[in-house]
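1. Pasting the sequence and the predicted coordinates here, then a few questions.
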Amino acid sequence: MQWGDDVPKMKTNRAARKRFKVTKSGKIKHFHSGKRHILTKMSTKRKRNLRGSDYLSSGDAGLVRRLLPNG
């Protein structure tokens, strides 16, 4: 094999890398949207429920996994 005959590396989508994390078990973790600004008119209960993170559904996780080939 000569130098330069390697298969090109898979590129990670940088936007997806900033928004999603892959857990050790392989699930895709994401944070809730809608918690950046205009929070005064939002109820306390709504803001509380938007705290923390959640896992993607299996249908969406497959799409995101293609954007994150290296985990």
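-> Noted; the coordinates are in hand. Numbers count the residues shown, from 1 in each chain.

2. alpha carbons only for contacts and neighbour counts from here, please
-> Fine.

3. Just give me the residue right at the centre of this protein.
-> Phe20 (1.7 Å; Cα atoms, centre = their mean).

4. Now do the contacts for it.
-> 28-31 (Cα atoms under 8 Å, 6 or more residues apart in numbering).

5. let's go with 7 Å and repeat that
-> Listed by Cα atoms under 7 Å, 6 or more residues apart in numbering, the contact set of Phe20 reads 28-30.

6. quick one: pLDDT of the closest residue to Val22 other than its chain neighbours?
-> Residue nearest to Val22 in three dimensions, not counting chain neighbours: Ile28, with 4.7 Å by Cα to Cα, 6 or more residues apart in numbering. Per-residue confidence at Ile28 stands at 97 (pLDDT).

7. quick thing: my sequence starts at 585, can you match it?
-> In the new numbering, first residue 585, that becomes Ile612.

8. still on that earlier bit, what pairs with the residue nearest to the centre of the chain across the strands?
-> His614 (DSSP bridges).

9. What's the separation between it and Gly636?
-> Relative to Gly636, Phe604 is positioned 13 Å away (Cα to Cα, to the nearest Å).

10. could you measure the residue nearest to the centre of the chain against Trp587, distance?
-> The value you get for Phe604 to Trp587, if Cα to Cα is used, is 35 Å.

11. residue ranges with poor pLDDT in this protein?
-> Within the chain, the stretches falling below the threshold (pLDDT under 70) are 585, 588.
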